[in-house]
Each structure stands twice: as C-alpha cells, then as structure tokens.
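> The following comprises the amino acid sequence and a computationally predicted model.
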Amino acid sequence: METAHHLGVDIGGTKVALRVEAADTRCVHETVFTWHPRHSADRDIAQLAHHIGELCEGLGTSLRAVGVAMPATVGADERITAWPSRPEWTGTDLGAALRPLFPDAAVAWADDGDLGALAEARLAGCDDLLYMGVGTGIGGGLVMGGELCPGLGRGSFEIGHTVVELDGPQCVCGRRGCLQAIASGPATLRHAARLRGSDVDFDALRQAWCDGQPWAVAALRRTCRALAAAAVSVQELVHPQLLLLGGGFAIGIPGLDTLVSAELDRLARPGQPQLRVEPASLGALSSLRGAVELARLIRP
C-alpha cells in the first residue's frame, strides 16, 4: 500500500473541488462537482459525503490528513455563524459534519482566502504577501514572515469587508461601503450596467474593456480604485512586499493588475515605496491548493 495521501477540499458557494496529493506533492487525483439546487445543509453534506466516498474508494490508499477551505465564518464552537452564499448552513456544526466523512484522518479547516494566500505565497517564494481574490465576492489573505496572519484558528483576514467608501452601496454583510460591495465581479457588472444603460455580462464587459469603451473603462477604474484603497491601507499597517490579484473575475480581465498599480501610484504617500502588483499564479485553484497546504500542516 502507498504512503497515506493529503486531501484538499475547496467548498464554494456553487461547487466543490477536491485534490489529492502524495507525500512528494504529486497530484494523484483532482475533481470538481457542482452543488445540487439549494435545499438544506444536510442535503449538501450528503452530496459531499457521496463524492468523498467515491474518491476514497478509488484511491486504494489511506488519507493522512484533510484540509478544507471554507468561505463561511466559523465560530470558536465550530458552528457556522454566517455564509451569505448558502445561508441554510448557518448554525451547522462544521466539525460534526466533516469529521465523520474522514474517520481515519485528521481534519482542519480555514478561510478560503487565507488558504489561497498561503498557496500563492509558497509558489511565489514571498514571505510577506497580500492576496486578493476578486470573484463573486472578495476574499483574501495576508502572509507575513511566511505564516498566515492573524494565524490559523485565530480568525480570518476579511479584506472584502473593509470599508473603503463611507455611505457606499449596501453589502451582503449588512454594512455599507465594503470593498466587496464595490469591487466584486457582480458589483462591477452592476455599476457597468448603470453606466451603459443596459444589462452587462462578464463577456460584454471584457470585450468593451479591450475595445476601450468609456463605460467599461470607468466601471473597472472604480473597481480598481477600491481595491487599491484597501491594499494601501494594509500596506500602511503591515508592509507586505507584494500584492497578488486572483479570483475568476480579476484573472479574466486583462491588465487589471496594471490598472490597480496605477491607482496605487495615485494614492502613494511621499517616502513610502509603492506596493508591487502582479496577477496570481494559481488562478481559481489557489484555495484548493491552499487546502492541501493546510492538510500538510496538520500534526496528527
């Protein structure tokens, strides 16, 4: 029998990704499934259990540890306190739901943005890094001295819910002016539609941006100003060396990192070095790869 493997599970609002790696980081198996139509947390967990069972049956080896990336807010009692994308999970005991799925393996979970930052930092070889994942929402993470900040089990780095525009648009969290309410993919598309005067989908925005259409340029500049405002605030406090932009929306818009860099230059304070901006390397896979990294950090 082979050496026990590490499993990463990236639980999202619309889909779940699974990746199994051997001790030498070789990928043994990777797959994605889409959630059934929303019904209940119990039904979702049953679907997850089905796919985990199929995966373990086909592996032919045991799992050493399992890392889970979660976009939900999880309390100290292991219960989910908030998950706007799937609110039916609120109140679910996450530990009680996950551990029976892996009876012979150690299990840990962390915020998906934090784990995305950890994976990107490892790949970039950068010990002091700010990561922003711009997609349906905005997640992110901060790595300082090679370690997650504030640290596993001590809360998540919720940059999407930092306020960048007082009295700005309503956020799903209940506040106004959060970065997510201004610069997420859906928020950007809504603003672009207002500027254009008609509905805008992602492909239309991307094409209009590439064609230099004023409404698309204005919409994306507003988004990048908000991203830069959040990033420069983090820079003033903890001084990361690098900002990586990831997430499906950000990666799909060519040159978005250049536009954010220009906004950072506009916000620069004399005597303060400008934060370097680059596109993230792992794309939509950062949280999944981070989940595997988490599994490797677990000490059985």
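On my side now, so go ahead.

> Secondary structure element holding V143?
If you go by DSSP states H and E, V143 is part of strand 138-144.

> and the next element down the chain from that strand?
Next along from strand 138-144, by DSSP H and E: strand 147-149.

> What lies in contact with that next one?
Contacts to strand 147-149, defined as Cβ atoms under 8 Å, 6 or more residues apart in numbering, come from residues 110, 114, 117-118, 141-143, 157, 238. All C-beta atoms are positioned from the backbone trio N, CA, C, and that covers glycine.

> Please point out which parts of that strand sit buried.
Within strand 147-149, the residues that count as buried by 16 or more other Cβ atoms under 10 Å are 148-149.

> Quick check: neighbours of it in the sheet, parallel or antiparallel?
When pairing is defined by DSSP bridges, strand 147-149 lines up against strand 138-144 (antiparallel).

> in the strand it pairs with, what counts as buried?
By neighbour count on 16+ other Cβ under 10 Å, the buried set for strand 138-144 is 138-144.

> go on, stretch 260-272?
260-261, 263-264, 267.

> who touches that stretch?
For stretch 260-272, the external contacting residues (Cβ under 8 Å, 6+ apart) are 221, 224-225, 227-229, 231-232, 235-236, 243, 245, 274-277.

> can you check stretch 162-181 too?
82, 84, 137-138, 159-161, 182, 187, 226-227, 229-230, 233.

> try stretch 30-45
The list of residues contacting stretch 30-45 from outside it, by Cβ under 8 Å, 6+ apart, reads 13-20, 47, 51, 55, 86, 88-89, 92, 97, 288.

> cutoff 7 Å now
Taking contacts as Cβ atoms under 7 Å, 6 or more residues apart in numbering, the residues outside stretch 30-45 that touch it are 14-19, 47, 51, 86, 88-89, 92, 97.

> avg pLDDT for the strand holding V143?
Averaging pLDDT along strand 138-144 gives 92.

> cool, stretch 91-110 as well?
94.

> With stretch 211-222 instead?
98.

> Now do the buried residues in stretch 195-203.
Judged by neighbour count (16+ other Cβ under 10 Å), stretch 195-203 contains these buried residues: 196, 200, 202.

> Quick one: the strands in the stretch 201-300 of the chain, in order.
For the stretch 201-300 of the chain, the strands defined by DSSP state E, counting those that start in this stretch occupy 242-246, 276-279.

> Need the residues that contact the longest helix seen in the chain.
Criterion DSSP state H: the longest helix present in the chain is helix 214-238. If you take Cβ under 7 Å, 6+ apart as the criterion, helix 214-238 is touched by 130, 132, 142, 144, 159, 162, 164-165, 179, 182-183, 188, 191-192, 195-196, 205, 208-209, 240, 243, 253, 256, 259-260, 263-264, 267, 275.
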